[in-house]
Every structure is written in C-alpha cells, then in structure tokens.
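Colleague: Everything below, folded, please.
(one chain, ligands or ions: 1)
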Amino acid sequence: EKEPVRVLVTGAAGQIGYAIVPMIARGVMLGPDQPVILHLLDIEPAAEALNGVKMELIDAAFPLLKGVIATTDPIEACMGVNIAVMVGGFPRKEGMERKDVMSKNVSIYKAQASALEKHAAEDCKVLVIANPANTNALILKEFAPSIPEKNITCLTRLDHNRALGQISESLDVQVSDVKNVIIWGNHSSTQYPDVNHATVQTSSGEKPVRELVSDDKWLNAEFITTVQQRGAAVIKARKLSSALSAASAACDHIRDWVLGTPEGTWVSMGVYSDGSYGIQPGLVYSFPVTCEKGKWSIVQGLKIDDFSRAKMDATAKELVEEKSLAYSCLN
Ligand code: NAI
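Modeller: Numbering: from 1, shown residues only. Have a look, this model is predicted:
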C-alpha cells in the first residue's frame, strides 16, 4: 500500500471545506488508490464546527482516510503537508472597502506562508482558493521564498469548468467532449474566457467551437459575461457562494497537476508569470497549462488576436493594481 499523502485544507469549517473534505477522502483529488491524512485548519470562532467536521469524517468510515488532524494552530496544521489547499480567508462584508479586505487577507497569507515554509514537506504543492485568489497566492509566494515559485498556484479551474459547461449547454453536447477553453488572468470579473482554441469531439471528428457556434455575437459577448458573472449568479440563487463546484474544481486542479493532463488537453491554472504571452513577470496570472510528472508548463505558441490581446491586458492591469494595493497594506 502507498504511503499516505498529507493534505492541508484551511478554512475547513466553511462551505467549500465541507464540500471538499469528503471528495479528498474518497480519492477524487489524488486517485482511488492513494491513502490520505487530512489536516484541517480554521480559526478559534469556528473550532467547534471544525471538530464537528472531524466527527463526520470519522463517521463516514472512508477506507482511504488514514487520519484527521483538526486544529486552530497553523503550525500543527502545516506540519509535513504535501498538498496545501488554502480556502480560509477574510470575506468582504457589506460596507467594507476593498483595501480593508485586502489588508486582512495579506496578513493571513503572510502568516500562513511562513508556517508552510517552515513546516510543510519538501516540494509541497500549494493551491490558493480564497479571494482575492491570485493576489493571496502572490503574497504567499513572496513570504515563502524557500518554496519554489512553481509550487504556488491559484484556482481558476472553476472558471475554466464553467466555460466548458456553457459551451456544452449551448451546443447541446457532452461536457466531456469539449476541451481547451482558456481562462486568462485574474479570478475576478475581468478574467477573459477564451474559446478561440477550444474544440468539441463530434461524430465526424474534432471541430473548433468557433465553427460549431454560428453565433459569433454570443461567443464574443454573452458567453464571456456569463462566465465572468457566474459566481455572482450562483450567490443570487443560493444566497451563498459556489461551494460544490469550487471544491470539485480544486480536486481537478490538484489531480491534473499531480497525475498529469490527458494527451492533447490543457487546463487553466493561476501561476507565477514567466513573461509568456507578454504578461509581465511577477504576477500570478491564469494561463493554459499542461501537466506531466507533477510539473505544469504554460502552453506556448497560441495565436492571439487583437480582441483577445486587449482582454488579456485588461485583466493583467487589474492584477498589477491589486498587487500594489496588497503591497501598500504591508507597509
Ligand atoms: P466560508 O466563509 O464558508 O469559509 C471560510 C472559512 O475560512 C471559515 O470557516 C473561516 O472561519 C475560515 N477562516 C477565516 N480566516 C482564517 C484563517 N486565518 N485561517 C484559517 N481559516 C480561516 O467561505 P467559502 O464559501 O468556503 O469560501 C472560501 C473562500 O473561497 C472565499 O474567499 C471565497 O471568496 C473563495 N472562493 C474562491 C473561488 C475560486 O474559484 N477561486 C470560488 C469560490 C469561492
């Protein structure tokens, strides 16, 4: 039997936490033959609820689950973890300024960066989900200099999956037959969902989405805003933000990163920019990536038209602004 992998989930008493821990314990994230030990972190006010989650995990008797550590101590939580899923954060509340929310999250991510750097296993892979996800990941990277920058990512896979879902609904095809959409940039409403390289598997072979969707106006306008605004639409309907889809996307992100993307398929991940596609280095930006043997690489050489260029730059500009806001909170 394989050695168990230690998976940290912060904010584990919250909504996404409640949805993701059973997925991890069932092997959805790391595979059906990979035992896991869950490390659950939350803050003092949520300690009792966190313990309730631990009780339920025990009660579920998951065969792959070899242990549960539930704690409010970041050091205990980070000890020896191989995968860190960072869901905990400070949510924006009514009447709060953007700067106040940023300031809270910058201090949380700065502290957790140090705990991970000192106590996580070597080569720990980090996925930041809590918003502002790209900038929280950037802060984590800055304050954990000994963790390789390639190991720190943020979640835009939910946006990617939403784009696949919209195309599947619109064309009335199976979502599993759609691939290679791209989310560029920030996990925010400035993100750019790009279908220019996406394809659908049909009975007469693989066809570009651009060829199958005759309505260019839909692809260039409504499709984009629907994906950008999907999170808000779910909040309006559920009175709570996306949780099961976020948890599922997080499992997809880690699974593909660790086990590899299928041949000919790429996915979207928020990663530290190396300057690809003219995106300035020093931002955590969502790119199309393929993964192999536990490493991601940005898909190179895709043709970018003027329409895409403008949208890719607009979302980069927002990330530059977020970065400077985050830095102003540090001083
Ligand atoms: P939630 O409010 O239900 O849960 C958050 C949990 O984090 C709470 O239990 C809270 O006590 C905990 N927490 C707060 N500060 C903490 C700290 N310093 N250390 C550890 N835990 C801490 O929120 P929900 O719905 O689970 O969402 C979590 C985050 O994920 C939010 O920031 C949300 O905006 C973001 N999100 C990101 C998505 C993405 O695609 N990147 C999609 C959906 C949500």
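Colleague: wait, what's in contact with the residue in the chain that the ligand sits nearest to?
Modeller: With CB to the nearest ligand atom, the shortest gap between the chain and the ligand falls at G14, namely 1.9 Å. All C-beta atoms are positioned from the backbone trio N, CA, C, and that covers glycine. Contact analysis of G14 by CB atoms under 8 Å, 6 or more residues apart in numbering lists D42, A46, V87, G88.
Colleague: Among those, which one has the most neighbours?
Modeller: Greatest neighbour count in these, by other CB atoms under 10 Å, goes to V87: 27 neighbours.
Colleague: where does that residue land on pLDDT?
Modeller: The model reports V87 with a pLDDT of 98.
Colleague: With K293 instead?
Modeller: The model's pLDDT for K293 equals 97.
Colleague: which residues sit in contact with the closest residue to it other than its chain neighbours?
Modeller: Spatially, and ignoring its direct neighbours in sequence, K293 is nearest to G260 (7.0 Å; CB to CB, 6 or more residues apart in numbering). Contacts for G260 (CB under 8 Å, 6+ apart) come out as C291, E292, K293.
Colleague: Which phi and psi values does G260 adopt?
Modeller: Main-chain torsions, G260, degrees, to the nearest 10: phi 100, psi 150.
Colleague: What are the contacting residues of the least confident helix or strand in the chain by mean pLDDT?
Modeller: Between all helices and strands in the chain, the lowest mean by mean pLDDT, DSSP states H and E belongs to helix 216-217, at a mean of 92. Contacts with helix 216-217, where a contact means CB under 8 Å, 6+ apart, come from R210.
Colleague: for the helix or strand following it, the distance to its chain's centre please.
Modeller: Next along the chain after helix 216-217, taking DSSP states H and E as the criterion, comes helix 223-228. With CA atoms, centre = their mean, to the nearest Å as the basis, helix 223-228 stands 18 Å off its chain's centre.
Colleague: Other residues contacting helix 223-228?
Modeller: Here helix 223-228 makes contact (CB under 8 Å, 6+ apart) with 159, 162-163, 166-167, 170, 183, 189-193, 195, 233.
Colleague: ranges for the helices of the stretch 1-150 of the chain?
Modeller: Secondary structure of the stretch 1-150 of the chain, counting by DSSP state H, counting those that start in this stretch: helices at 15-25, 47-59, 74-78, 98-119, 133-142.
Colleague: and R210, which of those helices is closest to it?
Modeller: Proximity to R210 (CB to CB) singles out helix 133-142 among the helices of the stretch 1-150 of the chain, at 27.8 Å.
Colleague: hmm, the closest one touching the ligand?
Modeller: Yes - interface with the ligand: helix 133-142 contributes A133 (CB under 6 Å from any ligand atom).
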